[in-house]
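Asker: with the input below, show me the fold.
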Amino acid sequence: MQRAEIIISLLSQKAKNDECFVFRRLYRHLYNPDLYQNAFRHIYIGSEPKASELSMEIVDAIIQKMKTETYHPQPVIRPCGQQPPGCLSFEDRLVQEGLRQLLQAIYEPQFLESSHGFRPERSHLTALSAIKASFGKADWLITGKIKNVSHFDHDTLIQLLSRKIDDGRLLELIRRFLRAGYVEVNPADDSLVIQRGITPLLLNIYLHELDTLLQRLSLDYSNGRVQANKPEQMRTFERAENALKRVGSRLNEGLIDGDDSMVKYIRFADRFVVGITGSKRLAEAVRDEIQSFLKQTLKLELDTVYIANPAEKRVRFLDYEITRSIQDFSPETKKKVIPDIRLLVPGDVIRTKLRPFCKNGIPIHHHARIHWSVPDLIRRYTAEIRELYSYYHLAADVNAKLGRFRYYHYHSLAKTIARKEKRSVKQVLAKYGIEVKRRQGGGSKKMIGIRYQDEDGKEQMLTYFNEPLKRCDDPRYLSAR
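Answerer: Have a look, this model is predicted:
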């Protein structure tokens, strides 16, 4: 049998070259032992597996069940609806991962640029970066969250899958995973609980219909009745045509402001934002058609949906605030300043993050960490601010907002060490202060840290976070460092 990597590569290439291609006889790939070996390697990447290698007895047992069509995933939701203890079964994780790789090879080439959740090389930051890059002239922003997206209709999903997959046995296996409860809702906050495996991919396949509708709307309003250029989207376009006609029929009602009207769209998992350049009535029409399409075609509803002018009111999306500068005249250049989208750090995020480290505007020690070792304290505090900066480095005010956080956070570290060692903060800084080079400008400064020897006997230095808190438009900044 062929290696799993070759099979996946061939499927992906076929999907890229022929967007109308219907895949058949996919189920037979589940007889390939290397598919499970490949899945095993992917599951345990970056961590230590329980065994040095995958037991072929387990693989043979799975393959035998696949051949007799008797494989059934273990339920992950009890009959009473409570969350089950422990993890998913090892066999189910293997099968899910193998199935996910097959489906991803087929569907990833078809997904649109507007989709950013649970996809390779994409994240919440790429979604926000795309908003900043393409929503510059937006007069209105529509933000929405799909209600109970995990309750998507299983029959509708199978119908969507059957467009590109003509394999009843594979579709039945997917249905069995759905019946076993591999998409759940947390009853405490009604938020989506994503299990590992195929769940995120299936959700993207389902919501790809919404992405396609909004792409068509974007083409219609931005470029004027542009026809679909991807054959595999035609069926979705046909089903969306009535919705488009309803919005299009309002062209004569003053919704479209000439050639300047524009619709842009970005989705991350069950949340989306639409940028509208034009009248508020156009924004309301687009919102109504999204609601109608979700209800009639995908059998879903919106949990929340808001329309706001970003120049007047900040819009919250993925824990960022989105605002827009107002068009103005620059006396220096004697030219108009083109309005653009700005991403900001929400003030309440910083206030919440500071609660353990600050009281009444004064840095305080972290009582729960007093018994930690100094190296562990430095690592933990550094990881906290690094994680915060990694998330908010796209924000225009990241230096000001996180600079404030760093002040209280750093002095909390000093006070925690002082309380631990029964010293004054001044004594702590004298004992642990290490001269480090400033990352911005010249010279050096003292930073709390320690020196130690690594396994090779070389002296290393561990200090509190010493990166400049500058804005960076690269969504992958820090993650690759």
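
Asker: how about low-confidence regions in the stretch 1-150 of the chain?
Answerer: Along the stretch 1-150 of the chain, segments meeting pLDDT under 70 span 46-52, 77-87.

Asker: can you pull out the helices in it?
Answerer: 4-17, 33-43, 56-67, 90-107, 124-134 (DSSP state H, counting those that start in this stretch).

Asker: contacts made by the last one with the rest, please.
Answerer: Residues outside helix 124-134 that contact it (Cβ atoms under 8 Å, 6 or more residues apart in numbering): 113-114, 116-117, 264, 266-268, 273, 275, 317-318, 320, 322, 340-343, 391, 394, 473-476. Where C-beta positions appear, they are placed from N, C-alpha and C, glycine not excepted.

Asker: hmm, 6 Å instead?
Answerer: Contacts to helix 124-134, defined as Cβ atoms under 6 Å, 6 or more residues apart in numbering, come from residues 116, 264, 266, 268, 318, 320, 341, 343, 394, 475.

Asker: and if you look at the second one?
Answerer: Taking contacts as Cβ under 6 Å, 6+ apart, the residues outside helix 33-43 that touch it are 3, 4, 54, 59, 93, 94, 97, 98.

Asker: next one: the fourth one
Answerer: The list of residues contacting helix 90-107 from outside it, by Cβ under 6 Å, 6+ apart, reads 8, 11-12, 15, 23, 35-36, 39, 42-43, 62, 73-74, 197-198, 201, 205.

Asker: from the chain's centroid, how far away is that helix?
Answerer: Centroid separation for helix 90-107 versus its chain: 20 Å, with Cα atoms, centre = their mean, to the nearest Å.

Asker: what do you get for the first one?
Answerer: In terms of Cα atoms, centre = their mean, the centre of helix 4-17 is found 25 Å from the chain centre.

Asker: next, the buried residues of that helix.
Answerer: 4, 7, 8, 11, 12, 15 (16 or more other Cβ atoms under 10 Å).

Asker: report the angle between the axes of it and helix 33-43?
Answerer: 90 degrees (axes from the mean of the first three to the mean of the last three Cα atoms, to 10 degrees).

Asker: about what we covered before: out of the contacts of helix 124-134, which comes closest to residue 352?
Answerer: residue 320 (14.8 Å; Cβ to Cβ).

Asker: that closest one against residue 343, yeah?
Answerer: Yes - assessed by Cβ atoms under 6 Å, residue 320 is found in contact with residue 343 at 5.0 Å.

Asker: residue 96 and residue 409, how far apart?
Answerer: 40 Å (Cβ to Cβ, to the nearest Å).

Asker: let me fix that: residue 162
Answerer: Applying Cβ to Cβ to residue 162 and residue 409 gives a distance of 53 Å.

Asker: neighbour-wise, which of these two wins?
Answerer: Remark: of residue 162 and residue 409, residue 409 carries more neighbours, 24 against 13, as counted by other Cβ atoms under 10 Å.

Asker: CA atoms only: put stretch 212-222 into CSV for me.
Answerer: The C-alpha coordinates for stretch 212-222 follow below in CSV (Å, rounded to 0.1, in the frame of the first residue of the first chain):
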residue,chain,number,x,y,z
THR,A,212,-19.6,31.5,0.0
LEU,A,213,-22.7,33.6,0.4
LEU,A,214,-20.8,36.5,1.8
GLN,A,215,-18.1,36.2,-0.9
ARG,A,216,-20.8,36.4,-3.5
LEU,A,217,-22.3,39.5,-1.8
SER,A,218,-18.8,41.0,-1.7
LEU,A,219,-18.3,40.4,-5.4
ASP,A,220,-21.8,41.8,-6.3
TYR,A,221,-21.4,45.0,-4.3
SER,A,222,-17.7,45.6,-4.8
